[in-house]
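A.B. asks: whatever this is, show me its structure:
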Amino acid sequence: MSEWPDETTDLFIAYYTGKYVPTKVEEPHPQQTVSPPPSISGALTSAVDMTAKYVQYLPYMTDRASTHSSNAISSPSMRPRATATPAEPTQPRIPQYQPPRPRAAFSLFIDFPQQLIQFLESLMDDDSFATRDQKDVDDICTTLFEAYLQAAKTGKEGRSYWEEKATTLLTKRNLPVDTALLLSYLASFSKGTRIVRERTSLQIDIFRSYTEKRDTKAAIEALHEYGPNEPELYILALRYFCSDPDILEVVEDELLQVLKRIEDDKLLTPLQIVQALSQTKVAHLGVVKDFLAETIAKERRDIENVRLSLGGVLILESKID
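C.D. replies: Numbering: from 1, shown residues only. Take a look at the predicted model:
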């Protein structure tokens, strides 16, 4: 990985997708074997032999590596690029082995985050991904999700690029909820937290997470989006909006709309509204004075209408008698 990261990643991709085909390296003819000059030490000869054996297990490197000397192989500027040996068109060579679990290779990419992403994306795009064990699928998806979020902090393409890839992965794949929530929280990836909680019908938890972080704008957006299906959010919003004078100053218009919605849907009685507000940190009720006055006046009118209706019934009954 240190010397040939791209070539080695290609090798691992082929191996872990079940497509690795060893390339047989022909032994030189005895007549063509050239004895090393006496000046070459045994240690150097051993190193050359080790290189030859290593190349046998790296078929992607044999194309040019076998034509260079040991000095050329050790030179960074002349290292060979990987080229896969094409299979015989008339006799396709089908691998006869069971690929190991992908998790076995993860530790090899610790210092190579870009190669890790390439490796995991290739595993997901391969046809064999659909038939993999669910544990392997979860390992691949969650590790790739974590790699995207890590790249968002240090990646060359920028945070938005990697967060968009993380969002796409989270939307298309069912990642384990607990793991996805934890990774999103640790990476401060609020969009990921919202997507996971939406999928698990935790709209109330989403709203509470915003209020805990005092993200009032996000809380209002969540209220507008989820409120019609979760009436309890209006009660929570009422308490949050009145929990701090600074918040109350910003959301005064929103608060009046919340109060109206609570009244229209009869979520709380006027007395319960007063009790809810009395439990907040805001000591005065000036901002909702007009609302409460209108509510009380409306109830008085309803009572008067009922009284008049009853009076009319009594008059009618007396006339009938």
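
A.B. asks: quick check: which element contains Ala293?
C.D. replies: Here Ala293 sits within helix 289-320, counting by DSSP states H and E.

A.B. asks: let me know the average pLDDT across that helix.
C.D. replies: The average of the pLDDT scores along helix 289-320 is 69.

A.B. asks: again, but for stretch 271-280
C.D. replies: Here stretch 271-280 scores 69 as its mean pLDDT.

A.B. asks: same question for stretch 105-112.
C.D. replies: On average, stretch 105-112 scores 90.

A.B. asks: flag every buried residue along that stretch.
C.D. replies: Within stretch 105-112, the residues scored as buried using 16 or more other C-beta atoms under 10 Å are 105-106, 109, 112. (Each C-beta comes from the backbone N, C-alpha and C, glycine too.)

A.B. asks: closest to Ile140 among these?
C.D. replies: Closest to Ile140 out of those is Phe106 (9.5 Å), distances taken as C-beta to C-beta.

A.B. asks: checking that closest one next. Helix, strand or coil?
C.D. replies: The assignment at Phe106 comes out as helix when based on DSSP: H, G, I helix; E, B strand; the rest coil.

A.B. asks: distance of it from Pro100?
C.D. replies: Per C-beta to C-beta, to the nearest Å, Phe106 is found 12 Å from Pro100.

A.B. asks: go through the buried residues of stretch 105-112 and name the one nearest Val137.
C.D. replies: Phe106 (14.4 Å).

A.B. asks: so where's this protein uncertain?
C.D. replies: For the chain, applying pLDDT under 70 flags the ranges 24-95, 155-156, 200-201, 275, 277-291, 310-321.

A.B. asks: repeat the analysis, applying 80 as the threshold.
C.D. replies: Along the chain, the parts satisfying pLDDT under 80 run over 22-96, 155-157, 177-178, 197-202, 229, 245, 252, 268-299, 302, 304-321.

A.B. asks: so what's the nearest residue to Ala151 once chain neighbours are set aside up against?
C.D. replies: Distance criterion C-beta to C-beta, 6 or more residues apart in numbering; nearest residue to Ala151, sequence neighbours excluded, is Trp162 at 4.4 Å. Contacts were defined as C-beta atoms under 8 Å, 6 or more residues apart in numbering; by that measure Trp162 touches 148-149, 151-152, 155.

A.B. asks: tell me the one of the buried residues of stretch 105-112 nearest Thr23?
C.D. replies: Out of these, the member with the shortest distance to Thr23 (by C-beta to C-beta) is Ala105, at 20.8 Å.
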